[in-house]
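Colleague: Kindly generate the corresponding structure for this input.
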Amino acid sequence: MATKLCPYCRETIQETALKCRFCHEWLSENTLPAQPIIEPVIQNLEPTVQELEPVTEDIKPIVQEAEPAVQDVEPTVQNIETVAQDAEPAVRNVEPEPVIEGAPVAEKIITVPPPIASQVEEAVSRKRMPVFVEEEHLPLVVRQNYKLAKLVSLSIPFAMLLITIGVYSLDADNYSTFEGWSMLFLVSLTVGLTVWLLYMLNKHLLNFDLYNNIRGNISCLIYGMPTCFLIFMFILGELVSIDSTILIIIVLILYAVLLVTHVLTGWRLARFEGDYVGGISAFGYALFLLMILSPFFIPFVVPFFAYNIFKKAEIYAETYGYEEGEDY
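Modeller: A predicted model of the protein is given here:
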């Protein structure tokens, strides 16, 4: 059957067709256009094609430069495929262990045979493929005498126990000079040990990024506690000529400041989230709750939480090491 091209859409139709079955144009001589519609379209596209020719010329060098890199990658892919094919028989030969009902499920470790492992290493070294090993970096701690800090932590409750026993057994109207000086020594020792323990704790906090001026609060306790104790001793011993009423007011103000500082320090330490060694949050909660409920039990309980902090810090330091610097 003879065919011809439609003058409008250039599709193949029968030679005797009067109407195109594609574009539905009539093909009678009266309706034939003087110029097919496809030719103006081609003429309109010629400027666009001419504009694209320079862009094509610019892309050709880039494609030519990329071809060597693609060719270098192809052997690497082929080597990896070869290694994977060699490893398939070894993986298939691994017999699964029988499953015992009620037994704990453990992950099975499949070891790659040495020849295959060496082939992988050889392929990596030949093509210099990067191998990334993720190592967890843990910070070092400030060098401190944690053994002595633990000893002091345990000494404070023992000293407070002796003071409590002495207060209840001492006759306020009839006691010897030795008993009086012994009690004064125990109280002074307890205050000194507490201040030193707070100093060690403040040094330990240098290991962390702190906020809310936590170390400033502890420094206030370090200087406020002995000051309050000395003024109280001056009042009892009548060692100063100032009116005792004024000294009592000063002591009460300092005591109120110490109470508020204790509460703030405990709360801020309890809410601290940057402790990568451990123990600070528990110490803060103990200090805060006992300060609210019964401050009398603080020297009996809180030093054990301080002992926990220094114990964890000692284990951490033995595992990961100290920073280079002074031994505090």
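
Colleague: Where does the residue nearest to Ile222 when sequence neighbours are not counted sit, in terms of helix or strand?
Modeller: Leaving aside its chain neighbours, Ile222 sits nearest to Leu198 (5.0 Å; criterion: CB to CB, 6 or more residues apart in numbering). Heads up, the C-betas are built off the backbone N, CA and C, glycines and all. Using DSSP states H and E, Leu198 sits within helix 177-204.

Colleague: I'd like to know which elements that helix is packed against.
Modeller: helix 146-169, helix 214-237, helix 298-320 (3 or more CB pairs under 8 Å, 6 or more residues apart in numbering; DSSP states H and E).

Colleague: Out of these, which is closest to Pro47?
Modeller: helix 298-320 (71.8 Å; CB to CB).

Colleague: model confidence over the closest one, on average?
Modeller: Averaged across helix 298-320, pLDDT comes to 91.

Colleague: Could you list every helix and strand in contact with that helix?
Modeller: Using 3+ CB pairs under 8 Å, 6+ apart, the elements in contact with helix 298-320 are helix 146-169, helix 177-204, helix 280-293.

Colleague: re the thing from before, next, the buried residues of the helix holding Leu198.
Modeller: With burial defined by 16 or more other CB atoms under 10 Å, the residues of helix 177-204 counted as buried are 182-183, 186-187, 190-191, 193-195, 197-204.

Colleague: The residue nearest to Ile222: what's it in contact with?
Modeller: Taking CB atoms under 8 Å, 6 or more residues apart in numbering as the criterion, Leu198 is in contact with Ile218, Leu221, Ile222, Met225.

Colleague: export those residues to a markdown table and tack on pLDDT and neighbour count?
Modeller: Converted to a markdown table, the contacts of Leu198 look like this (pLDDT from 0 to 100; neighbours: other CB atoms under 10 Å):
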| residue | pLDDT | neighbour count |
| --- | --- | --- |
| Ile218 | 87 | 19 |
| Leu221 | 85 | 20 |
| Ile222 | 86 | 18 |
| Met225 | 81 | 20 |
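
Colleague: Out of those, flag the one nearest to Leu5.
Modeller: Ile218 (96.1 Å).

Colleague: tell me the contacts of the closest residue to the closest one other than its chain neighbours?
Modeller: Distances taken as CB to CB, 6+ apart put Asn202 closest to Ile218, at 4.7 Å, once the chain neighbours are dropped. By CB under 8 Å, 6+ apart, Asn202 lies in contact with Arg215, Ile218, Ser219, Ile222.

Colleague: In JSON lines: the residues you listed, plus distance to Gln71.
Modeller: Putting the contacts of Asn202 into JSON lines (distance: CB to CB, whole Å) gives the following:
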{"residue": "Arg215", "distance to Gln71": "62"}
{"residue": "Ile218", "distance to Gln71": "67"}
{"residue": "Ser219", "distance to Gln71": "68"}
{"residue": "Ile222", "distance to Gln71": "71"}
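
Colleague: Tell me the one of those nearest Leu259?
Modeller: Distances from Leu259 to those, taken by CB to CB, are shortest for Ile218, at 14.8 Å.

Colleague: Please tell me I have it right and Val195 contacts Met225.
Modeller: Yes: counting by CB atoms under 8 Å, Met225 is a contact partner of Val195 at 5.9 Å.

Colleague: How far off centre is stretch 159-169?
Modeller: 46 Å (CA atoms, centre = their mean, to the nearest Å).

Colleague: who's in contact with that stretch?
Modeller: Under CB under 8 Å, 6+ apart, the answer for stretch 159-169 is Glu179, Ser182, Met183, Leu186, Val187, Leu189, Thr190, Leu193, Pro299, Phe300.

Colleague: any idea of the mean pLDDT for that stretch?
Modeller: Stretch 159-169 comes out at a mean pLDDT of 85.

Colleague: for the chain, what helix or strand is lowest in average pLDDT?
Modeller: One helix or strand of the chain scores below all others by mean pLDDT, DSSP states H and E: helix 114-127, with a mean of 51.

Colleague: still on that earlier bit, the helix holding Leu198 to helix 214-237, inter-axis angle?
Modeller: Helix 177-204 runs at 170 degrees relative to helix 214-237, counting by axes from the mean of the first three to the mean of the last three CA atoms, to 10 degrees.

Colleague: How far off centre is helix 177-204?
Modeller: On CA atoms, centre = their mean, the centre of helix 177-204 falls 38 Å from that of its chain.

Colleague: what's the angle from that helix to helix 146-169?
Modeller: Taking the same axes, to 10 degrees, one finds that helix 177-204 is oriented at 150 degrees with respect to helix 146-169.
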